[in-house]
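Q: Kindly generate the corresponding structure for this input.
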Amino acid sequence: MLSLSLRLVGCSSCSSRISHPKAPASRLHIFSPPKQLNSARQTNNTVHQFSQLSQLIQIPDHTAKGTEYSYSSMEYKMIGPEHCDQVLEHLRRNFFADEPLNKAAGLCQNGSSCAALESHCAEAILDRMSVMAVDAKEQEQGVCKVVGVVLNGILKPGDTAKALSKLDTNDDAGFRKIFDLLHRHNLKYNLFEHFDVACMFDVRILSVDSSYRGQGIANELVKRSVAVARKNGFRLLKADATGIFSQKIFRSHGFEVFSEQPYSKYTDVDGRVILPVEAPHIKMQQLYKAICGGADQDEKEQSR
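A: Predicted structure coming up:
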């Protein structure tokens, strides 16, 4: 279940949520110097004023493409079990309620917990393949603020069938609806059989803090996930992208569509839509990326 939840659409997905405005250089007017400086004293005063002003304004570092920016205080780190509480708190505030399928199922309210979903997240964290973005300048109870996460797990043949068999014992009806769709779709369109691999790098959740969206954080998290997969010897990555924004992000990193499930066609025996997902999200996509080359190949794929 991968959706970047964007306030722009309510991520109603990586669904994967971006409301923070982008700031093109042409619109960043911080200081306009006078046309003439009549004296050295006036020059010194101007320099002093600019120095004071720049201390009050955090000026973004523009990327090479010029369309996204990130703050110099941003750091990316591997997620360990010791970060579990921080990561779950981030997801409660920024992902659980807004992800398209979660929202359609009424899984939980913003800021509230969901035991079944949190257990699903904690399971991925234990695989030590996940990455987080932290703002080193923002402290929460003495630790850096988590502003983005991508939760990755190790998926082996048989894992999905086992997870599906356990759904009946889960007392959360909304959770059962969501994962019944995901698990059955993955079993029907089986990447293991198609690619003949012993395990897959499973990108499960992509989330960015609503105050930090539009800075390229989600893209960087996916890029680093691909690097982690390569470093650990994986041949194949997969992601179940539930919203159009996360789908776009993954395709920009060389992921390809293996299968799709339109939400309007996922119905019960009476023909009623089981998960009435709000527009513009119209389908779930199972995406994959085969790792068969070096970093140069990834860069070529992203530039397409």
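
Q: Where do the strands of the stretch 151-300 of the chain begin and end?
A: Per DSSP state E, counting those that start in this stretch, the stretch 151-300 of the chain carries strands over the ranges 200-208, 236-241, 256-262, 283-290.

Q: Just say which of those strands is most tucked in.
A: Sort these by mean neighbour count, taking mean count of other Cβ atoms under 10 Å, and strand 200-208 sits at the top with a mean of 29. (C-beta placed from N, C-alpha, C; glycine too.)

Q: which neighbours does that strand have in its sheet, and in what orientation?
A: strand 143-155 (antiparallel), strand 236-241 (parallel) (DSSP bridges).

Q: Include distance to residue 254 when you put those into JSON lines, please.
A: Formatted as JSON lines, those follow (distance: least, Cβ to Cβ, whole Å):
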{"stretch": "strand 143-155", "distance to residue 254": "16"}
{"stretch": "strand 236-241", "distance to residue 254": "9"}
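
Q: Tell me which of those sits nearest to residue 193.
A: strand 236-241 (12.1 Å; Cβ to Cβ).

Q: Please compute how far that closest one lies from its chain's middle.
A: Offset of strand 236-241 from its chain centre (Cα atoms, centre = their mean, to the nearest Å): 13 Å.

Q: same check, this time on stretch 83-91
A: That offset, for stretch 83-91, works out to 14 Å (Cα atoms, centre = their mean).

Q: The chain should start at 30 in everything you say after this.
A: Fine by me, first position is 30 from now on; the one you just mentioned is stretch 112-120.

Q: Can you list the buried residues in it?
A: 112, 115, 116, 117, 119, 120 (16 or more other Cβ atoms under 10 Å).

Q: hang on, the earlier thing: to residue 133, which of the strands paired with strand 229-237 lies closest?
A: Nearest of the strands paired with strand 229-237 to residue 133, taken as Cβ to Cβ: strand 265-270 at 14.7 Å.

Q: Go through stretch 164-179 and flag the buried ones.
A: Result for stretch 164-179 [16+ other Cβ under 10 Å]: buried residues 164, 167, 173, 174, 175, 176, 177, 178, 179.

Q: Farthest pair within these?
A: The span of the buried residues of stretch 164-179, defined through Cβ to Cβ, is set by 167 and 179 at 19.4 Å.

Q: For residue 241, which of the strands paired with strand 229-237 is the nearest?
A: Across the strands paired with strand 229-237, residue 241 has its closest neighbour in strand 172-184 (4.5 Å, Cβ to Cβ).

Q: so for the closest one, what's the average pLDDT?
A: The pLDDT scores in strand 172-184 average 95.

Q: okay, and for this protein, where does confidence drop off?
A: The model of the chain has pLDDT under 70 over residues 30-101, 169-170, 322-333.

Q: For the residue nearest in space to the middle of it, list each beta-bridge partner.
A: In the chain, the residue lying closest to the centroid (Cα atoms, centre = their mean) is residue 235, at 2.3 Å. Counting by DSSP bridges, residue 235 forms beta bridges with residue 179.
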